[in-house]
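S.K.: please work out how this folds:
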Amino acid sequence: MTLDFDVTGDGPAVLLLHSTVCDRRMWDPQVAALSAAGHRVVRLDLVGHGGTPVPPGRFDEAGEAAGLLDRLGIDELALVGASGGGRLALEFAARWPDRVTALALLCTALRGHPAGPELEAFDEREEALLEAGDVAGAVDLNVDLWLGPEAGDATRELVRTMQRHAFDVQLAAEDVPYEPVRTEPDLSRITAPTLLVTGAHDLPDFREIALHLAGVLPKARHVELDWAGHLPSLERPEAVNELLREFLA
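M.R.: Take a look at the predicted model:
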């Protein structure tokens, strides 16, 4: 099985890794901006999202992403990860530090970070809704929590569509014996310049993670967006595009 992906543009490569609330469609505004700025933009759907099904047996998502890049002839690249995609980006950068030229993390998750009370309460509420068969309620819960006040109706509808599709794919695969290979990254191995972006309207967990990473990663810079929730690249695409263009240049 391979991860579903697409490639746009030519130039230095950038891999976009989406939030687990979304799929690769969340990056539409960034694909257009970064390819116009002279980048070869690769984006993929993580397992159980978009066009990537849940595979049976052991599956190494970071390893599969590395293999995809090999097949595309990409030796070096910049990584841009949002939330759960940032967690995968950190694993990739720790396993293959020589391949990563830059690392931009938007409201990133981090494997091993203990969830705070608000995030724990969200997880419990989401699980209860899904167990009760109220998938629409679980989708609304996610849309309401993860989008900040800048998100318009079209953005909210897109996130609702992506999250509903992810739930449908994952619930249909409940009996699939999926065994994800997940490793806590050795942050000391990450050498790339790193941009850490957080939103003032996001849960405290993600600012805590960014501050921790800023303290341990070399050449790390933390930017807090006073207008943003958890998905700033969707909430104010052009503002994030400018941040990314400047950082990747």
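S.K.: could you tell me how far residue 238 is located from residue 33?
M.R.: Plainly put, residue 238 is 8 Å away from residue 33 if you go by C-beta to C-beta, to the nearest Å. C-betas here are computed from N, CA, C, even on glycine.
S.K.: more neighbours: the two, which one.
M.R.: residue 33 (19 against 9; other C-beta atoms under 10 Å).
S.K.: for that one, report the pLDDT, please.
M.R.: Note on residue 33: pLDDT of 98.
S.K.: and it, what element?
M.R.: helix 28-36 (DSSP states H and E).
S.K.: how about residue 106, phi and psi?
M.R.: phi -100, psi 110 (degrees, to the nearest 10).
S.K.: okay but residue 95 is in contact with residue 62, surely?
M.R.: Yes - the pair residue 95 and residue 62 passes the contact test of C-beta atoms under 8 Å, sitting 6.2 Å apart.
S.K.: of these two, who's got more company?
M.R.: A direct count of neighbours by other C-beta under 10 Å for residue 95 and residue 62 places residue 62 higher, at 22 against 18.
S.K.: so how far is whichever strand or helix holds residue 124 off the chain centroid?
M.R.: In this structure, residue 124 sits in helix 117-131 according to DSSP H and E. Helix 117-131 sits 20 Å away from the centroid of its parent chain (C-alpha atoms, centre = their mean, to the nearest Å).
S.K.: before we move on, what about stretch 105-122?
M.R.: That offset, for stretch 105-122, works out to 13 Å (C-alpha atoms, centre = their mean).
S.K.: return the list of helices and strands in contact with the one helix or strand residue 93 maps to.
M.R.: Per DSSP H and E: residue 93 is located in helix 84-95. Applying 3 or more C-beta pairs under 8 Å, 6 or more residues apart in numbering; DSSP states H and E, one finds that helix 84-95 makes contact with strand 13-17, helix 61-71, strand 77-82, strand 100-106.
S.K.: do that again at 10 Å, thanks
M.R.: strand 13-17, strand 40-44, helix 61-71, strand 77-82, strand 100-106, strand 194-199, helix 204-216 (3 or more C-beta pairs under 10 Å, 6 or more residues apart in numbering; DSSP states H and E).
S.K.: which one, of those, ends up nearest to residue 184?
M.R.: Proximity to residue 184, assessed across those by C-beta to C-beta, is greatest for helix 61-71 (12.2 Å).
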